[in-house]
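> here is my input, please return the structure:
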Amino acid sequence: MHIAVYVPLLLSLVGPLGARPLAERCEPRLATWLLTASALVLGTASTISLGLLAVTGLIRVPRLAALGHWSAATARHDDPAALSVALLAGLLLGGAVLMAVRMLWRRTRSLASAAWDAACMPARDGLVVLPDDAPDAFALPGLPGRVVVSTGMLHALDETEHDILLAHERAHLAAHHYAFVTLAQFGAAANPLLRPLATAVTYTIERWADESAAARAGDRRRVARTVGKAALAARRTPAPARAAGPALGILGRRGPLASAGPVPRRVAALLAPPLRRHPALTAATATVLAATALATAEATHDLHLLLRTVGAW
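Residues are numbered from 1 along each chain as shown. Alright, predicted model coming up:
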């Protein structure tokens, strides 16, 4: 436990460095999976590490040690972490749990609100057209989900671009992109160091939807043109207020972790050849996640052995 318990914390510093390479060099679907898994695993493992360190401080307190029939004196002798480290870990753990619970509560409420809004929207083939001159388009998750498009956005695009727009938004619903965003944000809420991973996910899901629309349309340049036109139209006219939290759209996610795109990077990616799976980046990510899981398991086992030792008095 002397070393293993710190490995997830150290990898939380290194992991976010891979966010940009994964988002820019790896096929969007695979990149989204890898980034989401990294945020979730690293966020959970680092929280567990803080909990393990905090426990080593608690068993040094005589009154608390007596509750578990542990020897506080033995704990002070065999404890792998300094008391100051254990106290700091306890404070960080409290903050991590508080932020994670707050995020889950807010996200659950927003998803429930989105599902209710979607159920109340009369739609034809899942499409809702809003009579609003301000251009906007987004996918609203629900049972079933809805694609919401304003008349202003429809007027800004031609008929072929309408199909591309709908293909993009339907890809968000079909692939459950809001779930990837939720899981990545959960990891980032538990460990703020992982925010670059969560931010990258909000980009790769847009790239994933762009590529789905390109595959359906068979014309990457046309999709790039549609994305650019939609963004320019929205820039000229302020977009209407959309549902908070889970709404995803061709203009990009609007939330605390992302702004509107970034559209130029998406357009450039569509004008370039399709990205392929990147074996080196995939292997590196898998190695980091495996090391994190193994270190967490070893640290947990070591704490179990420590508790057995201090309990044998």
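> from here on, just use CA atoms for contacts and neighbour counts.
Will do.
> so Ala54 sits in a helix?
Yes: the assignment for Ala54 by DSSP: H, G, I helix; E, B strand; the rest coil puts it in a helix.
> quick one: contacts for it?
Shown in contact with Ala54 (CA atoms under 8 Å, 6 or more residues apart in numbering): 86-90, 93.
> give me that answer again for 7 Å
86-87, 89-90 (CA atoms under 7 Å, 6 or more residues apart in numbering).
> so, low pLDDT: which residues of the protein?
Within the chain, the stretches with pLDDT under 70 are 1, 59-81, 83, 236-247, 252-261, 306-313.
> any chance you could map the strands in it?
Ranges of strands within the chain are 127-130, 137-140, 146-150, based on DSSP state E.
> and the first one, what's buried?
Spelled out, that is strand 127-130. Buried residues in strand 127-130, counting neighbours by 16 or more other CA atoms under 10 Å, are found at 127-130.
> ok, and what's touching it?
Outside strand 127-130, the residues that touch it by CA under 7 Å, 6+ apart are 122, 146-151.
> put the alpha carbons of that strand into CSV.
Coordinates of each C-alpha in strand 127-130 appear next as CSV, following Å, rounded to 0.1, in the frame of the first residue of the first chain:
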residue,chain,number,x,y,z
LEU,A,127,-39.0,15.2,-35.3
VAL,A,128,-40.3,18.3,-33.6
VAL,A,129,-40.2,21.6,-35.5
LEU,A,130,-40.2,24.8,-33.3
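> give me every residue that touches Ala190.
Applying CA under 7 Å, 6+ apart to Ala190 gives the contacts 43, 47, 96-97, 99-100.
> cool, and Ala184?
Applying CA under 7 Å, 6+ apart to Ala184 gives the contacts 36, 39-40, 198.
> out of these, flag the one nearest to Gly15.
Ala39 (8.5 Å; CA to CA).
> number of nearby residues for the closest one?
By other CA atoms under 10 Å, 32 other residues sit near Ala39.
> what sits against it?
By CA under 7 Å, 6+ apart, the neighbours of Ala39 are 184, 187-188, 194, 197-198.
> again, only using 10 Å
By CA atoms under 10 Å, 6 or more residues apart in numbering, the contact list for Ala39 reads 12, 15-16, 19, 45, 183-191, 193-198, 201, 289.
> at the geometric centre of this protein, which residue do we find?
Ala184 (1.7 Å; CA atoms, centre = their mean).
> and it, how far from Val41?
With distances taken as CA to CA, to the nearest Å, Ala184 is found 10 Å from Val41.
> check Ala224 too.
Counting by CA to CA, the separation of Ala224 from Val41 is 34 Å.
> cool, and Leu127?
Distance from Leu127 to Val41, by CA to CA: 36 Å.
> repeat that for Ala112.
Counting by CA to CA, the gap from Ala112 to Val41 is 26 Å.
> and if you look at Gly228?
35 Å.
> between the two, which has more neighbouring residues?
Val41 (22 against 18).
> what's the closest non-adjacent residue to the more buried one?
Leu289 (6.8 Å; CA to CA, 6 or more residues apart in numbering).
> which residues touch the one you found?
8, 11, 15, 34, 37-42, 45, 283, 295.
> just the buried residues of those.
Neighbour counting by 16+ other CA under 10 Å classes 8, 11, 15, 34, 37-42, 45, 295 among these as buried.
> got CSV for these, with distance to Asp136 too?
Below are the buried ones among the contacts of Leu289 laid out as CSV (distance: CA to CA, whole Å):
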residue, distance to Asp136
Pro8, 41
Leu11, 39
Gly15, 34
Leu34, 30
Ala37, 31
Ser38, 32
Ala39, 30
Leu40, 31
Val41, 34
Leu42, 35
Ala45, 39
Ala295, 46
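> in those residues, find the pair that's most separated.
Across the buried ones among the contacts of Leu289, no pair lies farther apart than Leu34 and Ala295, at 19.3 Å, counting by CA to CA.
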